[in-house]
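Chemist: A predicted structure for the sequence below; I have some questions about it.
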Amino acid sequence: QVQLQESGPGLVKPSQTLSLTCTVSDASITTNYYYWSWIRQPPGKGLEWMGAIAYTGNTYYSPSLKSRTSISRDTSKNQFTLQLSSVTPEDTAVYYCARFFIGQGLVQYDYWGQGTQVTVSS
């Protein structure tokens with residue numbers, strides 16, 4: 001059973017950089033054809049896809065967040081990390097890491113972390 005676990009500070013001050021790590025168990029982040037993503041859900045709103053890092057190490061970002069987002073990985077620790085710069089209270093959300101693959105032309109999510117609440121406040 002693949003497990004994903006988010007970790008990081010629950011409170012970030014405005015203008016600072018939010019940094020979260022997803023630790024993956026029972027699967028390698030370099031295994032062919034899997035993508036490792038970050039998704040968030042602000043209070044009272046729907047899910048927002050932020051970006052992903054592929055098994056190759058290539059990264060993909062949401063156009064609306066691209067200027068502030070960076071996703072990287074540490075293959076020795078089997079972890080991938082999200083950094084979101086210049087945060088504002090609008091970045092307050094539950095942040096999830098999740099794995100997906102592309103099957104039959106469709107993006108299919110198969111494993112998710114439990115999510116971690118991040119609040120942006122002074």
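Modeler: Looks like it came in fine. Numbering: from 1, shown residues only.

Chemist: so where do the helices sit in the protein?
Modeler: Per DSSP state H, the chain carries no helices over any range.

Chemist: Have a look at it and report its longest strand.
Modeler: Taking DSSP state E as the criterion, the chain has its longest strand at strand 93-103.

Chemist: name the helices or strands packed onto that strand?
Modeler: In terms of contacts (3 or more CB pairs under 8 Å, 6 or more residues apart in numbering; DSSP states H and E), strand 93-103 is packed against strand 3-7, strand 18-25, strand 34-41, strand 79-84, strand 106-112, strand 116-120. For the C-beta atoms, the positions are set from N, CA and C on the backbone; glycine is no exception.

Chemist: For Gln79, name its beta-bridge partners.
Modeler: Thr23, Asp74 (DSSP bridges).

Chemist: residues touching it, list them.
Modeler: Applying CB atoms under 8 Å, 6 or more residues apart in numbering to Gln79 gives the contacts Thr21, Cys22, Thr23, Val24, Ile29, Arg73.

Chemist: tally of neighbours for the fifth one?
Modeler: Meaning Ile29. 22 (other CB atoms under 10 Å).

Chemist: residue contacts, it?
Modeler: So Ile29 contacts Trp36, Ile53, Tyr55, Arg73, Thr75, Asn78, Gln79, Phe80 (CB under 8 Å, 6+ apart).

Chemist: quick one: pLDDT of the most centrally placed residue in the chain?
Modeler: The centre of the chain sits closest to Trp38, judged by CA atoms, centre = their mean, with a distance of 2.1 Å. Here the pLDDT value assigned to Trp38 is 98.

Chemist: coming back round to it: just the buried members of the contacts of Ile29?
Modeler: By neighbour count, with 16 or more other CB atoms under 10 Å, the contacts of Ile29 hold Trp36, Ile53, Tyr55, Arg73, Asn78, Gln79, Phe80 as buried.
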